[in-house]
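Novice: Okay, predicted coordinates and the sequence, questions at the end:
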Amino acid sequence: MTTSRRHLLGWAAACAAAPLSALANTAFPRKPVTLVVPFAPGGNLDLVARAIAPALQGALGQSIVVDNRAGAGGAIGATAVARAEADGHTLLVTTPNALVVLPRMVKTGYTLQSFEPVGLVSGTALVLATSARNTRLPDVAALLRELRARPGEITAGHAGPGTTNHVALMLLEEAAGARFNLVAYKGSAPALVDAISGQTDLICDQLSSSIQHIQSGALRPLAVLSKERDPQLPNVPTLHEAGLAGFDATTSTGLLAPRGTPAEVVAALNAALARALADTQVRQRLQTLGSTPRPLSAAAFGQLLQQEDQRAQKLAQSGRLAGANT
């Protein structure tokens, strides 16, 4: 049994009794639970939400509804959850960036303080990929050469302003000392369409939503953005290997509830999430998508969000977030 497997089972066992008393005291859940995905269907968050939904439904004993509310870089869906009744029946599936970066770029109807952390779901690798027909960028070395020789000419699609994909591209610009022509979309799915067709030169995307297109041959991966190679793409180099020493960018996906949600409801949700992530089928599905299950307590997830908030603050102070909503 692997260390990660033991960790997941141990976490689920520790949480197993937690929701029982919480449910008895709060009559939760008393109706279907909605997972709001603030991006279009087919993207990383949507795929992760749908991967955990069946097991989460079994753990909670109520139907799970996945509701895609795309737009404004994730702000529309996040605002809807922030304004929802704080009873645990409406949850947000998102990355930290939508909560700590986007509000520093544009006016939103929420801040990080508008939510109660429920738990971390998974971590997903990011990949730079181009159309299989793109002869201009045969590999990552060519990409870096072109990027530096012709700043602002290479078009790079991403899932929307303030998303992990967007921030990763900005971090890449800083590391390479060059600039892309950044193109924002309402989620990964429409960005993938244009990358595959060659309307954009490349896409920065989560492996979970791009892996099927890479496997089909429609997209050619240039590099993964994690410091280590990804098991699903063992022959694809990292940016660290390509000469950008120490470069490391991945996506974290978590669950959040509206601020004011009772602590016992948050505890019940966290325990149900831990059970779901310990399910063999869920783990296999996430791993197939290129995601790694990463259960955390609500408090530990809150600490991670605070760390991301501090990172976003530094990015804002550097001036990179001003006018970055392209």
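Specialist: Right, received. Where do you want to start?

Novice: use CA for all of it now, contacts and neighbours both
Specialist: Will do.

Novice: in the protein, which spans are strands?
Specialist: 33-37, 64-68, 90-94, 115-131, 155-158, 181-184, 202-206, 219-224, 250-258, 291-293 (DSSP state E).

Novice: and the second one, what does it pack onto?
Specialist: Applying 3 or more CA pairs under 8 Å, 6 or more residues apart in numbering; DSSP states H and E, one finds that strand 64-68 makes contact with strand 33-37, helix 44-60.

Novice: go with 7 Å
Specialist: Counting contacts by 3 or more CA pairs under 7 Å, 6 or more residues apart in numbering; DSSP states H and E, strand 64-68 is packed against strand 33-37.

Novice: next one: the third one
Specialist: If contacts are counted by 3+ CA pairs under 7 Å, 6+ apart, strand 90-94 sits against strand 33-37, helix 44-60, helix 75-82, strand 250-258.

Novice: circling back: highest mean neighbour count out of the strands of the chain?
Specialist: Most buried of the strands of the chain, by mean neighbour count (mean count of other CA atoms under 10 Å): strand 202-206, with a mean of 30.

Novice: Burial check on the closest residue to T253 other than its chain neighbours, number of neighbours?
Specialist: Nearest non-adjacent residue to T253, counting by CA to CA, 6 or more residues apart in numbering: T95, 4.8 Å away. For T95, the number of neighbouring residues by other CA atoms under 10 Å comes to 24.

Novice: Next: S63.
Specialist: 16.

Novice: That one - nearest residue in space that isn't next to it in sequence?
Specialist: Using CA to CA, 6+ apart, the closest residue to S63 is P32 (4.7 Å).

Novice: cool, V48 as well?
Specialist: L286 (6.8 Å).

Novice: In stretch 171-181, which residues are buried?
Specialist: Within stretch 171-181, the residues scored as buried using 16 or more other CA atoms under 10 Å are L171, L172, E173, A176, A178, R179, F180, N181.

Novice: Helices along the protein, start to end?
Specialist: 3-15, 18-26, 44-60, 75-82, 97-100, 140-149, 164-176, 188-197, 207-216, 263-278, 280-288, 298-317 (DSSP state H).

Novice: Show me what the fifth one is packed against.
Specialist: With contacts defined as 3+ CA pairs under 7 Å, 6+ apart, there are no secondary structure elements packing on helix 97-100.

Novice: if you set the cut-off to 8 Å instead, what comes out?
Specialist: helix 298-317.

Novice: Distance from the helix it packs on to the middle of the chain?
Specialist: 15 Å (CA atoms, centre = their mean, to the nearest Å).

Novice: and for that helix, what are the contacting residues?
Specialist: Contacts with helix 298-317, where a contact means CA atoms under 8 Å, 6 or more residues apart in numbering, come from 96-97, 100-101, 104, 117-120, 266-267, 270, 321-322.

Novice: Between which two of those residues is the distance greatest?
Specialist: A267 and A322 (37.6 Å; CA to CA).

Novice: who's more crowded, those two?
Specialist: The neighbour comparison of A267 against A322 (other CA under 10 Å) goes to A267, with 20 against 13.

Novice: Where does pLDDT dip in this protein?
Specialist: 1-26, 322-326 (pLDDT under 70).

Novice: domain parsing for it?
Specialist: 3-124+251-317, 125-224 (automatic domain parsing).

Novice: Let's have the ones you listed in a markdown table, adding distance to D230.
Specialist: As requested, the domains of the chain are exported to a markdown table (distance: least, CA to CA, whole Å):
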| stretch | distance to D230 |
| --- | --- |
| domain 3-124+251-317 | 8 |
| domain 125-224 | 7 |
